[in-house]
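[1] Show me how the following folds:
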Amino acid sequence: MPILLFVYGTLHPDRAPREIAHAARRLTLVGPATIRGHLYHLGAYPGVVLASHHDPAQPEVPGHLFHVPDAATLAALDAYEGFRPADPAASLFLRVEAPATTPHGAIHSCQVYVYNGRLPADSVAP
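    Predicted structure coming up:
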């Protein structure tokens, strides 16, 4: 079950809060990458909204690619992000497939958690 995950916020092992640090430490760093979309600051955590397609004119969101070692780690990350595979409409974040680009221009298909809620009026896209 090799899964490549793009991480842009609190799931990064160096920044993970105590409640998810055990799972985040099991991720294996592949390297830096970007995805196309908008990063919003939603108070206690960030949220990405992807561009509608891989358009080079869309802003880049910086992050890192990690290998997820097993289904148990992925399930822990899903729970932390509020992703309910059986009920996507009730999920705070969705885990979706997206292209990520490395600094050398390689494009990798990966999973990423994207914000599934309404953006507050005071949210900020850098």
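
[2] Could you tell me how far stretch 30-46 lies from the centre of the chain?
    Computed by C-alpha atoms, centre = their mean, to the nearest Å, the chain-centroid distance of stretch 30-46 equals 7 Å.

[3] SS state for residue 79?
    Here residue 79 is recorded as helix under DSSP: H, G, I helix; E, B strand; the rest coil.

[4] Just the pLDDT at it, thanks.
    Looking at residue 79, its pLDDT is 96.

[5] What is the neighbour count of it?
    Neighbours of residue 79 under the rule other C-beta atoms under 10 Å: 13. Quick note: C-beta positions are derived from backbone N, CA and C, even for glycine.

[6] for the one 3 residues further on, same thing?
    Using other C-beta under 10 Å, the number of residues around residue 82 comes to 14.

[7] Which residue, other than its chain neighbours, is closest to it?
    If the residues on either side of it in the chain are set aside, residue 82 comes closest to residue 92, at 3.1 Å by C-beta to C-beta, 6 or more residues apart in numbering.

[8] what's the answer for residue 98, then?
    residue 112 (5.0 Å).

[9] Just to check, the one you found is in contact with residue 36?
    No: contact criterion C-beta atoms under 8 Å: residue 112 and residue 36 do not qualify, at 10.9 Å.

[10] shared neighbours, those two?
    residue 50 (C-beta atoms under 8 Å, 6 or more residues apart in numbering).

[11] distance of the residue nearest to residue 98 from residue 18?
    Distance, residue 112 to residue 18, by C-beta to C-beta, to the nearest Å: 23 Å.

[12] out of the two, which sits in the more crowded spot?
    In this comparison of residue 112 against residue 18, neighbours counted by other C-beta under 10 Å, the higher total goes to residue 112 at 24 against 6.

[13] what sits against that one?
    Per C-beta under 8 Å, 6+ apart, neighbours of residue 112: 5, 6, 8, 35, 48, 50, 95, 96, 97, 98, 100.

[14] before we move on, what about residue 48?
    8, 35, 37, 38, 39, 40, 61, 112, 113, 114, 115.

[15] Wait, a strand at residue 44?
    No: using three-state DSSP, the assignment for residue 44 is coil, not a strand.
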